[in-house]
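Novice: sharing a sequence plus its predicted fold:
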Amino acid sequence: VQLQASGGGLVQAGGSLRLSCAVSGFTFDDYAIGWFRQAPGKEREGVSCVSGAGDKYYADSVTGRFTMSSDIAKNTVYLQMNSLKPEDTAVYYCAAASRIATRDRDYNYWGQGTQVTVSS
């Protein structure tokens, strides 16, 4: 099982970015995919997740601004981030778990992080 996150960058407040998580070694039906982020000096926090059945969860801080989607043909999960705020600045990670969960400790497989920086 491998995951590879990409798409981070520098954007002004109010702007948008789309993160990608390319997965291999499993099918979306069998695993839940989660997005997490960690800002400097802070604990890693859950951003959103999607179950194998397509059920989605979003943290309150991103609800209405971030959207998860998936392209099964490309084995890729996306995180569309709109109306970005400086407090969204963090390293973003995608991860896989056997069932949908919001806690990072429930995820067994992790991709490398991608940096998102939002300037004010």
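Specialist: Nice, I can see it.
Novice: phi, psi for residue 105 please.
Specialist: phi -70, psi -10 (degrees, to the nearest 10).
Novice: what about it, neighbour count?
Specialist: 8 (other Cβ atoms under 10 Å). Every C-beta, even on glycine, is put in place using the N, C-alpha and C of the backbone.
Novice: got it, and residue 85?
Specialist: Residue 85, neighbours per other Cβ under 10 Å, totals 14.
Novice: test for you: state the pLDDT assigned to it.
Specialist: Note for residue 85: predicted pLDDT of 98.
Novice: grab the most central residue of the protein for me.
Specialist: Compute the mean C-alpha point of the chain, and by Cα atoms, centre = their mean the closest residue is residue 35, 2.5 Å away.
Novice: find the nearest non-adjacent residue to that one, please.
Specialist: residue 47 (4.3 Å; Cβ to Cβ, 6 or more residues apart in numbering).
Novice: how about the helix or strand harbouring that neighbour: buried residues?
Specialist: Per DSSP states H and E, residue 47 falls inside strand 45-50. Buried residues in strand 45-50, defined by neighbour count with 16 or more other Cβ atoms under 10 Å: 46-50.
Novice: I'd guessed residue 34 sits against residue 44; true?
Specialist: No: applying Cβ atoms under 8 Å as the test, residue 34 and residue 44 come out as separate, 10.8 Å apart.
Novice: ok, back up a step: so the residue nearest to the centre of the chain, which of the three states?
Specialist: strand (DSSP: H, G, I helix; E, B strand; the rest coil).
Novice: got a list of what it touches?
Specialist: Contact partners of residue 35, counting by Cβ atoms under 8 Å, 6 or more residues apart in numbering, are 19, 21, 46-49, 68, 79, 92-95.
Novice: just list whatever residues bridge to it.
Specialist: Here residue 35 shows beta-bridge partners residue 48, residue 94, assigned using DSSP bridges.
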